[in-house]
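Asks: When you get a sec, could you give me coordinates for this:
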Amino acid sequence: MSNTENDFSKIISELSRIDDVAEKVLINSEADKKAYSDKINAESAQFDKELEENIRKKLSDYENDIESKLTNSLNHIRRETDQAINDLEAWYNENHNLVADEIVAELIKE
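Replies: Numbering: from 1, shown residues only. Coordinates of the predicted model:
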């Protein structure tokens, strides 16, 4: 074998070794890419889960707050209404004879 053939053989051998290394790098990079993609997907899923839980909690807090305010408002309206009815009943009990006399007087006058 001549030096030229020997040099070509070394070059081919070295190129083959470089090709093998490049293939291994590509295989490893695909594995790394998949691992990174899986990691990102897991983090994204965890973020979505936490976000959903936070939104549910805030909605629940808002619903409870609104319900509490509504209950307080209704209770206030009931108290005011009950007081107005009591005031009207008291006025009627004190003045029903006078009102009846005025109605009869108006009817007679006509």
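Asks: Now do Ala100, the pLDDT please.
Replies: Here, the pLDDT recorded for Ala100 equals 83.
Asks: number of nearby residues for it?
Replies: Close neighbours of Ala100, defined as other Cβ atoms under 10 Å, add up to 10. C-beta here means a position set from N, CA and C on the backbone, and glycine is covered the same way.
Asks: In terms of helices and strands, where is it?
Replies: Per DSSP states H and E, Ala100 falls inside helix 3-109.
Asks: any idea how far that helix is from the chain center?
Replies: 1 Å (Cα atoms, centre = their mean, to the nearest Å).
Asks: where in this structure is pLDDT low?
Replies: 1, 110 (pLDDT under 70).
Asks: switch the cut-off to 90
Replies: 1-16, 19-34, 96-97, 99-110 (pLDDT under 90).
Asks: could you say what helices and strands the helix holding Ala100 packs with?
Replies: If you count contacts as 3 or more Cβ pairs under 8 Å, 6 or more residues apart in numbering; DSSP states H and E, helix 3-109 packs onto no helix or strand.
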